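Undergrad: with the sequence up front, the predicted model follows.
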Amino acid sequence: MKEVDGDHFEAHIRGIAADLLENFHDYSFMIANFGTKEEESPIYHILSEYGMTVLDYPGHYEGCPLLTMEMIHCILKSSESWLSLGQHNLLLMHCERGSWPVLAFMLAALLIYLGHYSDEQKTLDMVYKQSSLELLEMFAPLNSMPSQMRYLRYISTRNVMPEWPPADRALTLDCVILRMVPNFHGQGGFRPIFRIYGPDPLMPPDQTPKVLFSTPTKSNLVRFYSQVIVFYRVIRCSAFKLLATALSCIIVFHVINLLKYKIRIFFRF
Amino acid sequence: MKIDLHCHVQGDVVLECINLYEDLDREEMVCRIMFNTAFIRSNILMLNRDHVDMLWNAKDQFPKDFRFEVSVYAKWRTRLFLQYMDFYMQLLLMVGYLFRYGRSYFTCHNRACYSSRETRTWG
């Protein structure tokens, strides 16, 4: 992966395009470009001159380096049909600054979709190894591999499910339960707020993601959860359970003893 | 520790858990999950610390047995319907039964019953 600055960018891309056309002169190219910007990418204008098809895709979904399932499905389907059209069709993937995680995910997804690989974790690791970890950490503050793994698993269920992707389903997120509290203040606890982004289920035609839920920061809902207190509550709860079990054991024991006694009295032995 | 959300969602959803500093102004990302509602088959999403997105070096800040559980249910109408479906079925069966056998429901068909009554009254 190379970082190229402004003026050199065009020359660099032109050089690559010329190289490709020279080495693969009877091949056709399709380029999937993952970018952070909404408008048409500069690469689109440059490579169109060389007769290459460039498809622009967004570089993230609400800050998460993934795309919507609908878009993933669309990209996978178009890539599969393009590659299956002939031996002389090549698919190139390009990403703009900061969109490398999306490219890596889509490449892993395509490899799984086409059936070249089956292990999601290994495939994703293999793709990520093409670049250094420092570069990844520089562009993405969060390690988003767990969510990407989740989506890769969704993709690999294609072989199992009769209808893929399954029909959209409205759900209600009821609550979040945290069993243990992470240590975030250096005081052994944290003060959590939650935000949910997604398309509005009440307006189905409009698929643009919005903020669906946000804990108001100036309210009494924002509380400090200490590791010690939560641990104490867990202990208290389990202590109560233990006590209840012990009590019921004692009661059952006494009842059995009583029954034994009554039976002995009744039959007089 | 349970935090209520009660939020209707559909499609691709990003759920962020953010830590607020004491001044209630500065924020810091704790963890984030993204999922698609069409692929959720159970009523609870059980996630441990390897299943949530977090800052690159924040893994030590989470205890080993950290669990992040998201409780979900299908839209409330479906849920209510499912909850009361048994009741509706019973009601339907009862109404149907009454329509079919309603007239004969309160009359006695046991011949012995009639005969004994008759013998008792006449005898």
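TA: On my side now, so go ahead.
Undergrad: from here on, contacts and neighbour counts on C-alpha atoms
TA: Noted.
Undergrad: say whether chain B is contacted by the longest helix along chain A.
TA: With secondary structure taken from DSSP state H, chain A has its longest helix at helix A:227-267. Yes. Using CA under 8 Å from any CA of the partner chain, we find that helix A:227-267 touches chain B at residue A:230.
Undergrad: tell me where the chain has strands.
TA: Unless you meant another one, I'm taking chain A. A:28-35, A:53-58, A:89-95, A:142-143, A:170-178, A:189-190, A:192-198, A:210-214, A:225-226 (DSSP state E).
Undergrad: was after chain B, sorry
TA: Remark: strands assigned in chain B by DSSP E are B:2-10, B:12-20, B:27-36, B:44-48, B:54-55, B:67-74.
Undergrad: dump those into a markdown table; add mean neighbour count and mean pLDDT as well.
TA: Below are those laid out as a markdown table (neighbours: other CA atoms under 10 Å in any protein chain shown; pLDDT from 0 to 100):
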| stretch | mean neighbour count | mean pLDDT |
| --- | --- | --- |
| strand B:2-10 | 17 | 87 |
| strand B:12-20 | 21 | 92 |
| strand B:27-36 | 20 | 92 |
| strand B:44-48 | 15 | 90 |
| strand B:54-55 | 20 | 92 |
| strand B:67-74 | 20 | 87 |
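Undergrad: next, the contact list for residue A:28, please.
TA: By CA atoms under 8 Å, 6 or more residues apart in numbering or on different chains, the residues touching residue A:28 are A:52, A:88, A:89, A:90.
Undergrad: could you do residue A:64 as well?
TA: Counted by CA under 8 Å, 6+ apart, residue A:64 has contacts A:144, B:14, B:34.
Undergrad: and what of residue B:31?
TA: B:16, B:17, B:18, B:52, B:53, B:54, B:55.
Undergrad: output the strands of chain A in a markdown table, with distance to residue A:264 and mean pLDDT appended to each entry.
TA: Formatted as a markdown table, the strands of chain A follow (distance: least, CA to CA, whole Å; pLDDT from 0 to 100):
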| stretch | distance to residue A:264 | mean pLDDT |
| --- | --- | --- |
| strand A:28-35 | 84 | 90 |
| strand A:53-58 | 82 | 89 |
| strand A:89-95 | 86 | 91 |
| strand A:142-143 | 70 | 92 |
| strand A:170-178 | 53 | 88 |
| strand A:189-190 | 60 | 84 |
| strand A:192-198 | 63 | 92 |
| strand A:210-214 | 67 | 91 |
| strand A:225-226 | 57 | 82 |
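Undergrad: let's have those strands in TSV, adding distance to residue A:106.
TA: Below are the strands of chain A laid out as TSV (distance: least, CA to CA, whole Å):
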stretch	distance to residue A:106
strand A:28-35	10
strand A:53-58	11
strand A:89-95	9
strand A:142-143	16
strand A:170-178	26
strand A:189-190	35
strand A:192-198	21
strand A:210-214	24
strand A:225-226	38
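Undergrad: among these, which is nearest residue A:74?
TA: Residue A:74 lies closest to strand A:53-58 among the strands of chain A, at 10.8 Å (CA to CA).
Undergrad: so what touches the closest one?
TA: Outside strand A:53-58, the residues within contact range by CA under 8 Å, 6+ apart are A:29-38, A:40-41, A:43-44, A:47-48, A:67.
Undergrad: any regions of the stretch 151-269 of chain A where pLDDT drops low?
TA: Applying pLDDT under 70 to the stretch 151-269 of chain A picks out residues A:269.
Undergrad: any idea how far residue A:60 is from the residue nearest to residue A:107 when sequence neighbours are not counted?
TA: Leaving aside its sequence neighbours, residue A:107 sits nearest to residue A:127 (CA to CA, 6 or more residues apart in numbering or on different chains; 7.4 Å). For residue A:127, the distance to residue A:60 (CA to CA, to the nearest Å) stands at 18 Å.
Undergrad: check residue A:132 too.
TA: Noted for residue A:132: a distance of 20 Å to residue A:60, by CA to CA.
Undergrad: between those two, who's got more neighbours?
TA: residue A:60 (19 against 10; other CA atoms under 10 Å in any protein chain shown).
Undergrad: the more buried one: what's it in contact with?
TA: Counting by CA under 8 Å, 6+ apart, residue A:60 has contacts A:36, A:66, A:67, A:99, A:102.
Undergrad: hmm, try it at 10 Å
TA: Under the criterion of CA atoms under 10 Å, 6 or more residues apart in numbering or on different chains, the contact list for residue A:60 reads A:34, A:35, A:36, A:37, A:66, A:67, A:68, A:98, A:99, A:101, A:102.
Undergrad: of these, which is the most crowded?
TA: Neighbour max across the contacts of residue A:60 (other CA under 10 Å) = residue A:66, 27 neighbours.
Undergrad: figure out how far stretch A:80-92 is from the centre of its chain.
TA: Computed by CA atoms, centre = their mean, to the nearest Å, the separation of stretch A:80-92 from the middle of its chain amounts to 28 Å.
Undergrad: give the buried residues for that stretch.
TA: Within stretch A:80-92, the residues that qualify as buried are A:82, A:83, counting by 16 or more other CA atoms under 10 Å in any protein chain shown.
Undergrad: quick one, domains of chain B?
TA: With domains defined by automatic domain parsing, chain B comprises B:12-72, B:83-122.
Undergrad: kindly reformat those as TSV containing distance to residue A:15.
TA: As requested, these are exported to TSV (distance: least, CA to CA, whole Å):
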stretch	distance to residue A:15
domain B:12-72	36
domain B:83-122	65
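Undergrad: distance from stretch A:166-176 to the middle of the chain?
TA: Computed by CA atoms, centre = their mean, the chain-centroid distance of stretch A:166-176 equals 16 Å.
Undergrad: sorry, wrong one. I was asking about stretch A:249-266.
TA: That offset, for stretch A:249-266, works out to 59 Å (CA atoms, centre = their mean).
Undergrad: same question, stretch A:214-224
TA: Taking CA atoms, centre = their mean, one finds stretch A:214-224 lying 26 Å from the centre of the chain it belongs to.
Undergrad: stretch A:65-81 now?
TA: Centroid separation for stretch A:65-81 versus its chain: 14 Å, with CA atoms, centre = their mean.
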